[in-house]
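*Asks:* here is a sequence with its predicted model. Questions after.
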Amino acid sequence: MPSGSRTAVLIEDLLSTLTTHAILTNGAADGSLDIKNTTFTLPDNYYAYVRSVSNIRGNYKDANKQAVVSNILLKQPDANTVINQIYDQHRILRNPAVILEQGKIKVIHDEYTTVNNVDVTYIKLPAEFSVLTNTACELPMECFNDLVEGATDLYIRHLTATQPKKEQKK
C-alpha cells in the first residue's frame, strides 16, 4: 500500500495507540564471532519493530566518548555486508546495525564501541480485553466494528468446524 495513502494514514493512526518504547539494558556482549555484537531481550509485549537508538561509549577516536546514535535495521542475510569476515578487524561502523531474531535484538558494532543500552520504539501487542468483564480495549473506537465482526466470524467458524456433520439423506 502506498505511503501517505488514505488507508496507510488510517492504519498509522490506529497503530499509534499501540506504539511505545522501552530502554533495553543488560545486553550480552559477544565478540567470539567475526562480528562484534551485543544482544538484548525484547519486551514480552513486543509485536513489531519501528526504530531504535543505541546509547554507546567509545568510538575510533575517543574510547570514553558517550553518544546516542541511530541504529540501522538489517535483515539476517545482510549481516555479512556490515562486517563480512574475521579479517575485517579495525573496521569502523558509523552507526550500529540491528538484527531481530527470536525475541531478541542483536546490535552489531565495531570493536571500538560498547553499547550501554538500546531505546527501541515498537508496536506492542494490545492487552487482552473482554466485554464480559468490562475490561477496556486499548484500541481506538474506530476498530470496534472490525474487532466484533472478526471475533464473530471466528466463533461461527469454530462452531461449524466442531459440530458433527448431519448425515445426508439418500
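*Replies:* Structure's in. What do you need?

*Asks:* strands of the chain, start to end?
*Replies:* Listed in chain order, the strands of the chain (DSSP state E) span 19-24, 28-30, 37-41, 46-57, 66-70, 72-73, 97-101, 104-108, 114-124.

*Asks:* same question for stretch 93-110, mean pLDDT?
*Replies:* Stretch 93-110 shows a mean pLDDT of 88.

*Asks:* mean pLDDT lowest where, among the strands of the chain?
*Replies:* Among those, strand 28-30 scores lowest, with a mean of 79.

*Asks:* show me what that one is packed up against.
*Replies:* Other helices and strands packing on strand 28-30, by 3 or more Cβ pairs under 8 Å, 6 or more residues apart in numbering; DSSP states H and E, are strand 37-41. C-betas here are computed from N, CA, C, even on glycine.

*Asks:* contacts for the strand it packs on next, please.
*Replies:* Strand 37-41 is contacted from outside by 24-31, 103-109, 114-115, 117-118, using Cβ atoms under 8 Å, 6 or more residues apart in numbering.

*Asks:* send the alpha carbons of that strand over as PDB?
*Replies:* Coordinates of the C-alpha atoms in strand 37-41 are reproduced here as PDB (Å, rounded to 0.1, in the frame of the first residue of the first chain):
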ATOM      1  CA  ASN A  37      27.600  -7.600  18.800                       C
ATOM      2  CA  THR A  38      25.500  -7.000  21.900                       C
ATOM      3  CA  THR A  39      22.200  -8.900  22.300                       C
ATOM      4  CA  PHE A  40      19.200  -7.500  24.200                       C
ATOM      5  CA  THR A  41      15.900  -9.200  25.100                       C
END
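
*Asks:* in it, what's buried?
*Replies:* For strand 37-41, a neighbour-count test (16 or more other Cβ atoms under 10 Å) marks 37-40 as buried.

*Asks:* so how far is it off the chain centroid?
*Replies:* Chain-centre distance of strand 37-41: 14 Å, with Cα atoms, centre = their mean, to the nearest Å.

*Asks:* got it, and stretch 101-115?
*Replies:* Stretch 101-115 has its C-alpha centroid displaced from the chain centroid by 15 Å (Cα atoms, centre = their mean).
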